[in-house]
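In: Sequence plus predicted model, see below.
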Amino acid sequence: LLPEAADLLNRTAIYLSKHASYTLAEPLYRRAIAINEQLLGPGHPHVASSLNELAELYYRQGKYAEAELYYRQALSILEQTLGLDHLAVAEPLIGLAGVYRAQGNYREAEQMLLKGLALREQILGQDHDDVAQPLYALAVLYTRQGRYEEAEALFQRALSIRERVLGSAHPEVARLLQNLANVFNIQGRYEEAEVLYQRALSIREQVLEPTHPDVAIALSALAGCYLVQTKYDQAELLYRQAISIWERVLGLKHPDLAVSLGNLAELYLCQKKYKQAEPLFRRALSILEDSLGPSHDGLAVPLDGLAKVFSSLGRYEEAEALCLRALSIKEKALGSSHPGVAQPLNSLAALYQKQGRYEEAESFYQRALSIREQGLGSYHSDLAETLHGFASLREAQGNAKEAASLYNRALAICEQVFGPQHAKTIETSERLRAVLIALDQPERAAQLDVAQVER
């Protein structure tokens, strides 16, 4: 056996993993690990490197328990052989943080990222290119938590480093621009977001092949910005361009193609074009089942979309079955208290409310609310969604007092996250106003009218 054999196996596995050929990549990683263990010993840093790659393979498949196991093995080897403060230790720390973020363990993820960031800053300096990676990962974590100001500052810092080191037209700069645009888009800062999305797309089109997957990602991101602004024709054109790239470059069974198909389906769902949306959701679901397995948490997205199609068509039993499957997948993959579990709970609550099954709806809204309050904090847009839904249930039940309280909480979040002119803020304000009038509180309702005019 030669060390070169392990290196070749490892590089081949990396290539296969990037093309979502996970079942082919896994045995190659394991063979590379076995060769290095035999030639160099089980505690060699080269073994840790392959373990790190294997952990990433499992992470991409949503197999978080396995990913955590191998990241921790890699971390242990590096800490024992190189020391706690060695630069190489940062890599498995950052990998572990990704696992914990996916599992909803945000506190642990933040600790790992801060430790990895501190190592790189201490050894390489605060402006080194490799410092941008943990800054980026920490910003993504804060975005997930709704900590948008902190996320924006970190993205800006990472962007400054990348532009200085790599130039303003590098693909890594485009990735940071796109994620910073995401922060703006979430907050309803659409003009700022659109400028950054367009710049990211322009960079990728200039420096990459026109059919490069990163071009498809940039097209989809800009399309998403158009979608939330109801610029449906522009969004559809870009989504179809992205789908064409995925099909041409990665084939008809790649998970990234499924994501783009789901995006286009969501566009049609927003337009109430259910006949166009349904087959796209079904195709996306089929691709993900074949490529990632029937229990991957990524399946929950097309399941939820398809359920909304069926609910809109009055096919409630089919919609319920899909929502329950999505909930089961999320709970098994992430745990019953993960923030990601709240989405299928919310969908089930809305479905039951639509059918007049108020007791069941109440139970699911309460559980979703508890999860989002604990996992996301007091001012997250997802929490506002659940509060608004729960308020509408209370309103339907004739409990106007509690409905007003819930709408009021939702409105406070919407005003902070989205701003006063956002459609969600205005909708919530209008519902609160109607409930206040029903409670014979015209003065409070009038205050909302005055506030709306002043905005």
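Out: That came through, no problem. Small disclaimer: the values here were computed from a predicted structure and weren't measured.

In: Spatially nearest residue to the one residue sitting closest to the centre of the chain, not counting backbone neighbours?
Out: The residue lying closest to the centre of the chain (CA atoms, centre = their mean) is Arg144, at 7.2 Å. Nearest non-adjacent residue to Arg144, counting by CB to CB, 6 or more residues apart in numbering: Arg101, 6.6 Å away. (C-beta placed from N, C-alpha, C; glycine too.)

In: Lowest mean pLDDT among the helices and strands, pick that one out for the protein.
Out: The helix or strand of the chain with the poorest confidence is helix 442-454; it has a mean of 67 (mean pLDDT, DSSP states H and E).

In: The host helix or strand of Ile371 - contacts with which helices or strands?
Out: Element membership for Ile371 (DSSP states H and E) is helix 358-376. Helix 358-376 is packed against helix 342-354, helix 381-396, with contacts defined by 3 or more CB pairs under 8 Å, 6 or more residues apart in numbering; DSSP states H and E.

In: Let's have those in CSV, adding distance to Asn182 and mean pLDDT.
Out: Shown next, in CSV, are these (distance: least, CB to CB, whole Å; pLDDT from 0 to 100):
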stretch, distance to Asn182, mean pLDDT
helix 342-354, 18, 96
helix 381-396, 12, 94
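
In: Using TSV, lay out those helices together with distance to Leu257.
Out: Listed next are the helices and strands packed on helix 358-376 as TSV, based on distance: least, CB to CB, whole Å:
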stretch	distance to Leu257
helix 342-354	22
helix 381-396	27
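
In: got the phi/psi numbers for the closest residue to His338 other than its chain neighbours?
Out: Excluding the flanking residues, the one nearest His338 by CB to CB, 6+ apart is Gly104, at 3.7 Å. Phi and psi for Gly104, reported as degrees, to the nearest 10, are phi 80, psi 10.

In: The protein: strands as residue ranges?
Out: Ranges of strands in the chain, per DSSP state E: none exist.

In: re earlier: let's have the helices and strands packed on helix 358-376 in CSV, adding distance to Ile413 and mean neighbour count.
Out: CSV is the format used below for the helices and strands packed on helix 358-376 (distance: least, CB to CB, whole Å; neighbours: other CB atoms under 10 Å):
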stretch, distance to Ile413, mean neighbour count
helix 342-354, 15, 24
helix 381-396, 4, 22
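
In: Gly262 is nearest to which of those helices?
Out: Gly262 sits nearest to helix 342-354 of all those, at 13.9 Å, using CB to CB.

In: From the contact counts, what lies against that closest one?
Out: For helix 342-354, the packing partners by 3+ CB pairs under 8 Å, 6+ apart are helix 300-312, helix 316-334, helix 358-376, helix 381-396.

In: Residues contacting the second one, please?
Out: Identification of contacts with helix 316-334 by CB atoms under 8 Å, 6 or more residues apart in numbering yields 62, 64, 102-104, 295-297, 299-300, 303-304, 306-311, 338, 340-341, 343-345, 347-348, 351, 354-355.

In: can we see that at 7 Å?
Out: By CB atoms under 7 Å, 6 or more residues apart in numbering, the residues outside helix 316-334 that reach it are 62, 103-104, 295, 297, 299-300, 303-304, 306-307, 310-311, 338, 340-341, 344-345, 347-348, 351, 355.

In: Please apply the same query to the third one.
Out: With CB under 7 Å, 6+ apart as the test, helix 358-376 has contacts from 104, 145-146, 337, 339, 341-342, 345-346, 348-349, 352-353, 380, 382-383, 386-387, 389-390, 393, 396-397.

In: mind checking which of the helices and strands packed on helix 342-354 is nearest Ser168?
Out: That would be, of the helices and strands packed on helix 342-354 and by CB to CB, helix 381-396, which comes in at 31.1 Å.

In: Tell me what angle that closest one forms with helix 358-376.
Out: Angle of helix 381-396 versus helix 358-376, following axes from the mean of the first three to the mean of the last three CA atoms, to 10 degrees, is 160 degrees.

In: so how far is helix 381-396 off the chain centroid?
Out: 22 Å (CA atoms, centre = their mean, to the nearest Å).

In: Give me the contact list for that helix.
Out: With contacts defined as CB under 7 Å, 6+ apart, helix 381-396 is touched by 146, 186, 342, 346, 349-350, 353, 358, 361-362, 365, 368-369, 372-373, 376, 402-403, 406-407, 409-410, 413-414, 417, 428, 431, 435.

In: Buried subset of these, written for PyMOL?
Out: Buried residues among those (16 or more other CB atoms under 10 Å), as a PyMOL selection:
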select buried, resi 146+186+342+346+349+350+353+361+362+365+368+369+372+376+403+406+407+409+410+413+414+417+428+431+435
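
In: List the buried residues in stretch 20-38.
Out: Residues 20, 22, 25-26, 28-29, 31-33, 35-37 are the ones in stretch 20-38 that count as buried (16+ other CB under 10 Å).

In: Using CSV, write out every CA atom in it.
Out: Extracted C-alpha coordinates of stretch 20-38, given in CSV (Å, rounded to 0.1, in the frame of the first residue of the first chain):
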residue,chain,number,x,y,z
ALA,A,20,-24.1,14.1,-4.8
SER,A,21,-22.8,10.5,-5.5
TYR,A,22,-22.7,9.9,-1.8
THR,A,23,-23.1,6.1,-1.8
LEU,A,24,-20.1,5.9,-4.2
ALA,A,25,-18.0,8.3,-2.2
GLU,A,26,-18.4,6.8,1.3
PRO,A,27,-16.5,3.5,0.7
LEU,A,28,-13.6,5.4,-0.9
TYR,A,29,-13.3,7.7,2.1
ARG,A,30,-13.4,4.6,4.4
ARG,A,31,-10.7,2.9,2.3
ALA,A,32,-8.5,6.0,2.4
ILE,A,33,-8.9,6.1,6.2
ALA,A,34,-8.0,2.4,6.5
ILE,A,35,-4.9,2.8,4.4
ASN,A,36,-3.7,5.9,6.3
GLU,A,37,-4.4,4.2,9.7
GLN,A,38,-2.3,1.1,8.6
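
In: That'll do, ta.
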